[in-house]
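> Kindly generate the corresponding structure for this input.
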Amino acid sequence: MKAAVVYLRVSTDRQAERGLSIPAQREACLAYAQKSGYEVVGEYVDAGESARSADRPQLQDMLTRCRKDKSIKAVIIHKVDRIARNTHDHAMIRVMLKQAGVELCSVTENINGTPEGEFLEYIMAAMAQFYSRNLARETLKGMNQRAQNGLWNAPPPLGYTHKQEGQMGGSIRKWVEPHVGESLLVRTTFELYASGQYTLHMLATELSRRGLRTRRGNLPGVSVLARMLRRKFYIGVIEWNGVEAKGLHQPIIEPELFDRVQKILRSRGGYVERHKKHIFILRGLAVCGECGARITGEKHLTKGDKLIQYYRCSKRIGRNGTGCQQDYVTVEELESRFSKVIAAIELTPAAAASLREKIKETAARQSSEETALVTEWQRKIEQCKSKEARLVEKLADGVISDEDYGAAKTAIEKDRAECEIRLLEAAEGPQKNAEVVEMALSFATRCRKAYASADVTQKKVLVSTFFQKIVVKDGLIQGAELNPPLENLLMKRLHKTLSIVNY
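You can find the predicted model right below:
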């Protein structure tokens, strides 16, 4: 008798329930082997493995044995989709087996070595690929629908636990509900942060002391707490893949408490906080006009317990008599001058409208160039697709080896990905540029009011949004660089401004 090996695969418990279990496949394959005159000398089983990839341990072991053991004459499978749900992978496996002199036999499909059988085999592989992709799409669609219906699709967030119960007819109802202990700690997390007395670092320390742990049993870190404080799940809202809907679960937090927390998070610039008693608005942005070093902010108490805050060059003269000669400048003095810079560069609505029209004229002239680029990148993508198709044909015909196919496929996919990125840039570039310029114009027409009404943390964010660098010398603002595209829009006004704001 000719020697054969059996390959079995099941990816989910549901497939087992539909008669595709490993024992069911094994029984059918052994019966086929006996009927066809094969002696089964090996069995390879991938349980819980998807066929969307050929990178399955038992499949690879089986293919290796087929290449090395010349006595193996056949691989018996229950169905074509057990071995691959991707036509490229199927072609690679098929060619490798053919080169090794091994026939692929399906229990349920007639894919013998005739031209008709090979055609059927390819069609079955294509159908398996379509099924796999369609299954993924339908699964995602079902999860989106569950979210719209107020149901959660993932492991429950901290503070909740999964529950389930059997139903008539054998179905199982699953839901989430607050965990008795964890939900109290989650509520405490929101209440402490809403008090305004805790940074996220301080909150992490306090909650660790109170016994809060992550799902993995770790101490809660800053990023974990930041994500928790932003989750609308705790106020009864489901967020999933762009879907937002009222959840069926019981909320832990009231919307009012949640909103207070969000306001504090926004005022502190998200969760990238540092535990500082004072924020120097210009620190990290201002540089010394004499030596070019960074200007830092400091504070000291006088003998009369008066707090003095000031900026100084980080290389200012030290005890050994060396260093920068620039003197201190008080926070009030320098930041007052800087606020005048912000106010003076603000555009009037009329000036913004004039700039907007000039930008539109420039964009119109560039439009034809962008269109030509889009066409060129589309052509190159089609060339890559044609190369991929020819490569698969060569593999199926046995013209190239697996190794050569893999290397060529990787190179083509790399080229195609690069072309698709360039196409996206060419297609969306003008629109994105217009959006950025419009946002910059919007900023430039209301920067004075925004800066004046902001708290110290928000002021620092606004400053870094507008400016790349501020040059300070002798206590005066002698130069500045704006971030693009504000650089192009406001630089002339900025130069005029600097001549008057220091007096």
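> can I assume Pro300 sits in a strand?
No, residue 300 isn't Pro; it's His. Yes. The assignment for His300 is a strand, going by DSSP: H, G, I helix; E, B strand; the rest coil.
> Could you tell me the per-residue confidence at it?
For His300, the pLDDT comes out at 80.
> Any idea how many residues pack against the spatially closest residue to it that is not a sequence neighbour?
Closest residue to His300 apart from its sequence neighbours, by CB to CB, 6 or more residues apart in numbering: Ile308 at 5.4 Å. In this view, the C-beta of every residue, glycine as well, is placed from N, C-alpha and C. Ile308 is flanked by 12 other residues according to other CB atoms under 10 Å.
> Helix, strand, or coil at Ile308?
Once three-state DSSP is applied, Ile308 turns out strand.
> shouldn't it be in contact with Lys299?
Yes. Taking contacts as CB atoms under 8 Å, Ile308 lies within contact range of Lys299: 6.6 Å.
> first to last residue in stretch 163-183, what's the distance?
15 Å (CA to CA, to the nearest Å).
> which outside residues touch it?
151-152, 156, 158-162, 212, 248-250, 252 (CB atoms under 8 Å, 6 or more residues apart in numbering).
> Derive a PyMOL selection command for the buried subset of the residues you listed.
In PyMOL, a selection of the buried entries from the contacts of stretch 163-183 looks like this (16 or more other CB atoms under 10 Å):
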select buried, resi 151+152+156+158+159+160+212+249+252
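> Helices along the stretch 351-500 of the chain, start to end?
Secondary structure of the stretch 351-500 of the chain (DSSP state H, counting those that start in this stretch): helices located at 402-444, 447-453, 456-466, 486-498.
> Report the mean confidence score over the longest one.
The average pLDDT within helix 402-444 is 71.
> sorry, back to before: and which of the contacts of stretch 163-183 is nearest to Leu282?
Leu212 (37.7 Å; CB to CB).
> my read: that closest one touches Leu185, true?
Yes. Assessed by CB under 8 Å, Leu212 is found in contact with Leu185 at 4.7 Å.
> any idea how far Gln478 is from Arg294?
For Arg294, the distance to Gln478 equals 16 Å [CB to CB, to the nearest Å].
> can you check Tyr310 too?
With CB to CB as the criterion, Tyr310 and Gln478 are 18 Å apart.
> With neighbour numbers in mind, choose between the two.
Between Tyr310 and Gln478, Tyr310 has the larger neighbour count (other CB under 10 Å), namely 18 against 13.
> I'd like to know which elements the host helix or strand of Leu8 is packed against.
Element membership of Leu8, judged by DSSP states H and E, is strand 2-10. On a contact count with 3 or more CB pairs under 8 Å, 6 or more residues apart in numbering; DSSP states H and E, strand 2-10 meets helix 22-36, strand 38-47, helix 57-68, strand 72-77.
> for stretch 157-173, how far is the first residue from the last?
19 Å.
> buried set for that stretch?
Buried-residue list, stretch 157-173, by 16+ other CB under 10 Å: 157-160.
> contacting residues for Arg67?
Applying CB under 8 Å, 6+ apart, the residues near Arg67 are 96, 100.
> same thing but at 6 Å, please
Ala100 (CB atoms under 6 Å, 6 or more residues apart in numbering).
> So for it, what pLDDT did the model give?
90.
> now Leu334
You'll see Leu334 listed with a pLDDT of 92.
> burial of it, as a residue count?
The burial count for Leu334: 24, using other CB under 10 Å.
> So what touches stretch 382-402?
Residues contacting stretch 382-402 (CB under 6 Å, 6+ apart): 91-92, 95-96, 405, 408, 412, 415-416.
> how about a cut-off of 7 Å?
Outside stretch 382-402, the residues that touch it by CB atoms under 7 Å, 6 or more residues apart in numbering are 88, 91-92, 95-96, 98-99, 405, 408-409, 412, 415-416, 419.
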